[in-house]
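Chemist: curious how this folds, go ahead:
(chains A and B)
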Amino acid sequence: MLRWLIGGGREPQGLAEKSSVQTIGEEQIQNPYTELLVLKGHQDIVRFLVQIDDCRFASAGDDGIIFLWNAQTGEKLFELHGHTHKITAIAPFSSSDVSEEKNLFIITASADRTVIVWDCTSGRQVQKVSCFHSTVKCLTVLQRLDVWLSGGSDLCVWNRKLDLLCKTSHLTDAGISALVELPKNCVAVAVGKELIIFRLCPSSNGSEGWNVLEVKRLVDHEDNILSLVSVNDLTFVTGSHVGELIVWDALDWTKQASECNFWDSSVHPDAQPEIKLSQSPNETSVQHLTSDGECVFAAVGKGIYVYNLQMKRVIACQRTAHDSSVLHIEKLPNRQLISCSEDGSVRIWELREKQQLPAEPVPTGFFNMWGFGRANKQANQTAKKMQENTPMYFLELVGDLIGHSSAVQMFLYFGELGLATCSADHLIILWKDGERESSLRSLTLFQKLAQNGDLQLKL
Amino acid sequence: MIGAPDVVAFTREEELEDDLYREPPLPEEYSVPLFPFAGHGANPWAKVASSKFTRDFILISEFSEQVGPQPLLTIPDDAKVSGTFDLNYFSLRIMSVDYQASFVGHPPGSAYPKLNFVEDSKVVLGDSKEGAFAYVHHLTLYDLEARGFVRPFCMAYISADEHKIMQQFQELSAEFSKASECLKTGNRKAFANELEKKLKDLDYTRTVLHNETELQKKANDKGYYTTQAIEKANELASVEKSIIEHQDLLRQIRSYPYRKLKDSEFHPYDPECALGQADAGCDQDPAPPDPAEPGEMHLYTHIPSYTPKLIKAKSAKCFDKKLKTLEELCDVYFFTQTLDQLHHIERTFRGDVCYLLTEQISRALLKQQSVTNFLFEDMSFLEEKPHEKQYRSCQGLGQDATDGKCLEESLAPKVVISLGSYKSSVECVPIKMEQEMQDSEEPKMSESVTSEHQENLDYLDADLKGSISSGESIEVLGTEKPGLTKSESQASLPVMPSPQAGRSKVGSRRTVSEDSIEVLSTCPSESLIPEDFKASYPSAINEEPHADSDAEGGLRFAPRLSPGSAHDDDNDDISKQESLVQVDAACCIGKESPNFLEPLPELGQKEDGVVRIPPRPYRAAEQGLRGGFPSHDGVSGGLLPYELDSRYLSGSRELSKSSLDECSDSTSHISSAASTCSDRTPSPARPACQPGDRHRKRAGQNALRFIRQYPFAHPAIYSLLSGRTLVVLGEDEAMVKKLVTALSIFVPNCGAYAKPVKHWVTAPLHLVDFQKWKLIGLQRTVSPAGVNVLHALSRYSRYLSILDADSKTLRCPLYKGSVVARLADHRTQIKRGSTYYMHVQSILTQLCSKAFLFTFCHHLHLPISEREPEESVVSRRMNFLKLQLGLANEDVKIVQYLAELLKLHYIQEQGQGGNPLLRFDYVPSFLYKI
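Modeler: Predicted coordinates:
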């Protein structure tokens, strides 16, 4: 395509050619997203999307503005101004009041060292805290305890009324990079290379007060912990910058399993040499982790890996799922996986069981000759190693969404309503199922006709 | 462009028939009757040899009191247009028809000169020798220095096509009325200014004279007055009288809008109160206007400071003084506005009458398609023309009156064409306001014709005689009843139908006039009178024009109805009614307002006392196309309100005069040489003059070229029709823009705004651009920036079809449907851009109707019952598209896309603009090369 455009016989410096990224072409039968809405409003990189309820979501980014959107119509509901610097964390916070009415709030933290609570119904600022010594980098709401935690250079515990209940001592200058709730009133906090477990204890004196105690420090990672995800009540997983993935027991905080460098191409000596040469730590860093309880899906560098917790190994992978780092990854209910990347694209994958073909056991050398750079062949080989009698999986690309002109920071899956993606090009795109939208419009049309009384035959 | 191709066929794009032969037959109402004389080798578009001008034009003439009728200017202002056509001669003709010429001065029984607020008269006349037919709009402007303070002018729309004049009469009349109103408004303003200056002069003069007289008195202590002193005193007295007169004039002119306003209030569309109202009107008008009252007042108060001059005792009304030009007569602003309006008229009515009529039908129909017309139609015409708006806004004066008129105008077309319109030939005896007060009491013949009146009358007669006798080949095709057109001279003859009236009211027409004067009558449907029928009235014009001037009403000539005419009775009836109407009018004499016509609203005329002649355009067009003519059944019923008044009946001999041939066999009529001529402009379509037209023509031309030149035109057009953005990529801006223009006619609008077309872009495209634009011209550069542009294209290639104008390649999805093949057949025989444009529009209109059907079929989109699975709805939908609508393959997507646009448009109609959607498909693209 590009070659044709540039035209004139010259050999194109084909990016596409050199890249080993799997492409799907223009025919994507399984891709339901055939309609899109561009939501404009932000003036800088949009980094966060957070779902408020069934049909609303909030977006925030480097311009310090928070927008509330209707996910169905794309209508801009509110524009929340209050922060003077970029937003660093955002969390939804629902509180059931005495009045039974469910109040929806969002908490936002910004580089201006403030945290603001917004009312999503009225679009007003409820409260603002500005007593922080450093930027709050993560926010977690412990719905069960009706408190929320902010993580900056220290960890603070707040109640709904924004009273500071307790705080830890100064932990780090760099700030807390990740925070996850664990059972038994514990939280795991990623601070640099360390993983610290804190426990919240009811304070002895006050009725509502909490004390926060450091319980354990885990120093198994060799590099900064970038991602931290709770799989279930029993396990949580961490990933680090150099590609270590450790599975922890959530109760006694012991290391259950670890995969180290398993995505390093050196493990597969037959992998493309030139990629190995250019490999930097960035390409092995675990950017994001997600889990469906059974598997952990890791966005590692440009690739996506599926780690089965029971089998304790990677069951499928796509070494170069994108042209650039994968920034966010999410598992859909229907065995599908969506990933977004710095290259501006969003891809939809499906985890499929591989057919046990009789011709399957082909010598590796064959792939060396023919399968150069084919990522799914890598998956084959990964799978082939444990060929015995375990099912084999692979990630099939079923569709890609191209719309953003810059890195897609995050996305939010709204089920039927579609998919919202946000990007460094200041845009949010709502991807929708065109068929569904069309029939919805028909419905609206006939409702309006009936309303206008145009359905009656006029004589 | 509904039905455009049919019209195209009608206007000699015979080649198109190839394309159309497969089409289902047209509904009867749209089908065009075969030209009845086709068998004789006649060509309906044959030029009439006798006409000496190349195309229609507008002529403004003045009946100058110094040099007689003279042409002032033509629009377009181009000597080529009028060619060898003798403007002077024609001015003479058209001015001589102005029987309303107003003579102001000292009416009997009035101490001061009075202004006549004369309504315009609208006349159709033809000159078969010249091959010219004209709509003539007479108006009078005030000029303090002119005789009787009035200067008669006329604006004439001159065409070689009689049909055009007759069928477009109403439109012409409406448009010219606007122009005239504009002129007159400006004129009143200027006249008031003039009067004020004059008053200041007089005042100053009086002061000077007074002083002199005083001085003389002082200096003169002999007990008697010297002749000098007496002279001075006389002079002083005459100046004072003059002041009073001028003050009165000023009051009159200022009160005009007020009066108009009252009149318009007095124009209820209630036939019942018509007569009473007319009477009331009589009472009303003469009421001395309250100088302080008029709302117009303030408009005249703003007058630049003026240094008074001394006025000589005798103001010289000599021929050596220079009369004001038209521009001076009116405010410059209003004059230019008028010219604009006239240019607008000229543009509007250019071209063949068939085209005009079709256009009108199309518009009328399009306006009804409120749901789908936004897709491919130019929405601008649905709104009020900006020109009119401008005009209205500029009309500071008499606003209400004009508005009232507009209202009436808009109502008028609804009136069914009926015999009532023949009433246009009815003459009313105009009487001056003051007189009508007296006269209306006894509208019978007041024998008291003062000598002064007689003089005037004589003058008038002389005038008329002159014009008549000189009018060797004049055919007065029709005249419209001016509301109050009569001069005061005639006012003194209240009941007496004026000679002009008789002449103009002739109900029949002759093909060939023995005495070269053909009064063709003014009926709207007049033109429909069949030739053979007309021929049966050889004596229709038997009256001697000169003899008509006797005050006896003998001017009415009585055409003999041919024995055996099936319509005799009707005619009789009608003529009776008509005469009644006429006489009634006489009893309301002097109403300067058209009030007396009000009783006939259902007859289809009115509006400032002007009887509207022609049928309303829509119907006329329809009928014209059908080849049938309106039946006049029940028409006479419409006249019932006018009960016979024996007084008048007995007095008028013309009962039978009106041979209102409402016969319906009209085709033979065409055989008259004059009437067969069609427009001189050979092009079936209007010459591209309006911006829209020009654009269409060019776009059509370019599109034709594109289709012939590029074998892959079909998939490209399919892309546009299915909402996939097409990018035209090229280095040469002109070439790219040309392609974009060509393709733009295929782009559906997304809303009631401009087409989603961007002619030239140099920056890399973004997703947002594809939402906004469906057709983009993109610059290809070799610079690094250009590479970015190409990268963006490559990145978003799934949303795009890319036409590379340099290498002549196209990358876009496959198209296998049939709609586009009909739309863009590279072997098409169509040669003209505008024709092709219409062809495209007609096919697109078909598509629109399919999309409309698809969109608004409930069960195609929603389940019939609650339990019905979605799949069965989907399959029903696809069946409908494929079987019912007969769409093949990708054509389905076109209709689906259009349906989606319709839905969006309908849903968002009232609400918020809504976010622009981008819909797309994941379909593979192919590369086409030449």
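Chemist: who are the packing partners of the helix or strand that contains residue A:148?
Modeler: Assessed by DSSP states H and E, residue A:148 sits inside strand A:147-151. Where contact means 3 or more CB pairs under 8 Å, 6 or more residues apart in numbering or on different chains; DSSP states H and E, strand A:147-151 is packed against strand A:87-96, strand A:138-142, strand A:155-159. For every residue, glycine as well, the C-beta is placed using N, CA and C.
Chemist: how far out from the middle of the chain is that strand?
Modeler: Between the centre of strand A:147-151 and the centre of its chain there are 20 Å (CA atoms, centre = their mean, to the nearest Å).
Chemist: quick check: mean pLDDT across that strand?
Modeler: Per-residue pLDDT values over strand A:147-151 give a mean of 87.
Chemist: sheet partners, orientation included, of that strand?
Modeler: Strand A:147-151 pairs in its sheet with strand A:138-142 (antiparallel), strand A:155-159 (antiparallel), by DSSP bridges.
Chemist: nearest to residue A:400, out of those?
Modeler: strand A:138-142 (30.3 Å; CB to CB).
Chemist: tell me the pLDDT at residue A:20?
Modeler: So, for residue A:20, pLDDT stands at 62.
Chemist: C-alpha coordinates for the strand holding residue A:148, PDB please?
Modeler: What follows is strand A:147-151 as a C-alpha-only set of coordinates in PDB (Å, rounded to 0.1, in the frame of the first residue of the first chain):
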ATOM      1  CA  VAL A 147     -11.700   4.100  52.900                       C
ATOM      2  CA  TRP A 148      -9.400   5.000  50.100                       C
ATOM      3  CA  LEU A 149      -5.600   5.100  49.900                       C
ATOM      4  CA  SER A 150      -3.300   7.500  48.100                       C
ATOM      5  CA  GLY A 151       0.200   6.600  47.200                       C
END
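Chemist: quick one: contacts of it?
Modeler: By CB atoms under 8 Å, 6 or more residues apart in numbering or on different chains, the residues outside strand A:147-151 that reach it are A:89, A:91, A:93, A:107, A:109, A:115, A:132, A:136-142, A:155-160, A:165, A:175-176, A:179, A:187, A:189, A:200, A:210.
Chemist: about what we covered before: could you dump the strands paired with strand A:147-151 into a markdown table with mean pLDDT and mean neighbour count added?
Modeler: Formatted as a markdown table, the strands paired with strand A:147-151 follow (pLDDT from 0 to 100; neighbours: other CB atoms under 10 Å in any protein chain shown):
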| stretch | mean pLDDT | mean neighbour count |
| --- | --- | --- |
| strand A:138-142 | 88 | 20 |
| strand A:155-159 | 87 | 21 |
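Chemist: could you pull out the helices for chain A?
Modeler: A:2-6, A:15-18, A:273-277, A:364-370, A:375-385, A:434-452 (DSSP state H).
Chemist: what mean pLDDT would you report for the third one?
Modeler: I take that to be helix A:273-277. Mean per-residue pLDDT for helix A:273-277: 42.
Chemist: also the fourth one?
Modeler: Per-residue pLDDT values across helix A:364-370 average out to 41.
Chemist: check what pLDDT whatever residue of the stretch 751-900 of chain B ends up closest to chain A gets.
Modeler: Residue nearest to chain A within the stretch 751-900 of chain B: residue B:861 (3.5 Å; CB to the nearest CB). Per-residue pLDDT puts residue B:861 at 84.
Chemist: measure residue A:126 to chain B for me?
Modeler: As judged by CB to the nearest CB, to the nearest Å, residue A:126 and chain B stand 28 Å apart.
Chemist: might you report the residue contacts of the residue positioned nearest the centre of chain A?
Modeler: Geometric centre of chain A, nearest residue: residue A:328, 3.6 Å, by CA atoms, centre = their mean. For residue A:328, the contact set (CB under 8 Å, 6+ apart) comprises A:287, A:288, A:299, A:339, A:340, A:408, A:409, A:410, A:411.
Chemist: and which of the residues you listed is nearest to residue B:867?
Modeler: Lowest distance from residue B:867 to the contacts of residue A:328 (CB to CB) belongs to residue A:411, with 35.7 Å.
Chemist: which pLDDT value goes with the closest one?
Modeler: Looking at residue A:411, its pLDDT stands at 92.
Chemist: ok, it touching residue A:419?
Modeler: Yes. Between residue A:411 and residue A:419 there is a contact under CB atoms under 8 Å: 5.9 Å.
Chemist: where does pLDDT dip in the stretch 51-200 of chain A?
Modeler: Where the stretch 51-200 of chain A drops to pLDDT under 70, the residues are A:96-101.
Chemist: would you mind listing what in it touches chain B?
Modeler: Contact residues (CB under 8 Å from any CB of the partner chain) of the stretch 51-200 of chain A with chain B: A:73, A:74, A:75.
Chemist: which one of the residues you listed has the most neighbours?
Modeler: Most neighbours among those, by other CB atoms under 10 Å in any protein chain shown: residue A:74, with 22 neighbours.
Chemist: bridged to residue 69, which residues?
Modeler: Chain wasn't specified; assuming chain A. As for beta bridges, residue A:69 partners with residue A:57, residue A:76 under DSSP bridges.
Chemist: let's do chain B instead
Modeler: Taking DSSP bridges as the rule, residue B:69 bridges to residue B:63.
Chemist: measure it to chain A for me?
Modeler: Distance, residue B:69 to chain A, by CB to the nearest CB: 56 Å.
Chemist: which residues does that residue contact?
Modeler: B:61, B:62, B:63, B:88, B:91, B:92, B:94, B:95, B:96.
Chemist: buried subset of those residues?
Modeler: B:61, B:62, B:63, B:91, B:92, B:94, B:95, B:96 (16 or more other CB atoms under 10 Å in any protein chain shown).
Chemist: in strands only, show me these.
Modeler: Per DSSP state E, strands hold the following members of those: B:61, B:62, B:63.
Chemist: let me know the closest of the residues you listed to chain A.
Modeler: Nearest to chain A among those: residue B:61, at 51.4 Å, using CB to the nearest CB.
Chemist: pLDDT for the buried ones among the contacts of residue B:69 - can I get that in a markdown table?
Modeler: Listed next are these as a markdown table, based on pLDDT from 0 to 100:
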| residue | pLDDT |
| --- | --- |
| B:61 | 87 |
| B:62 | 86 |
| B:63 | 82 |
| B:91 | 82 |
| B:92 | 81 |
| B:94 | 77 |
| B:95 | 76 |
| B:96 | 72 |
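Chemist: turn those residues into a markdown table, including distance to residue B:323.
Modeler: Output for the buried ones among the contacts of residue B:69, formatted as a markdown table (distance: CB to CB, whole Å):
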| residue | distance to residue B:323 |
| --- | --- |
| B:61 | 14 |
| B:62 | 9 |
| B:63 | 11 |
| B:91 | 16 |
| B:92 | 18 |
| B:94 | 19 |
| B:95 | 15 |
| B:96 | 20 |
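Chemist: that concludes my questions; thank you for your assistance.
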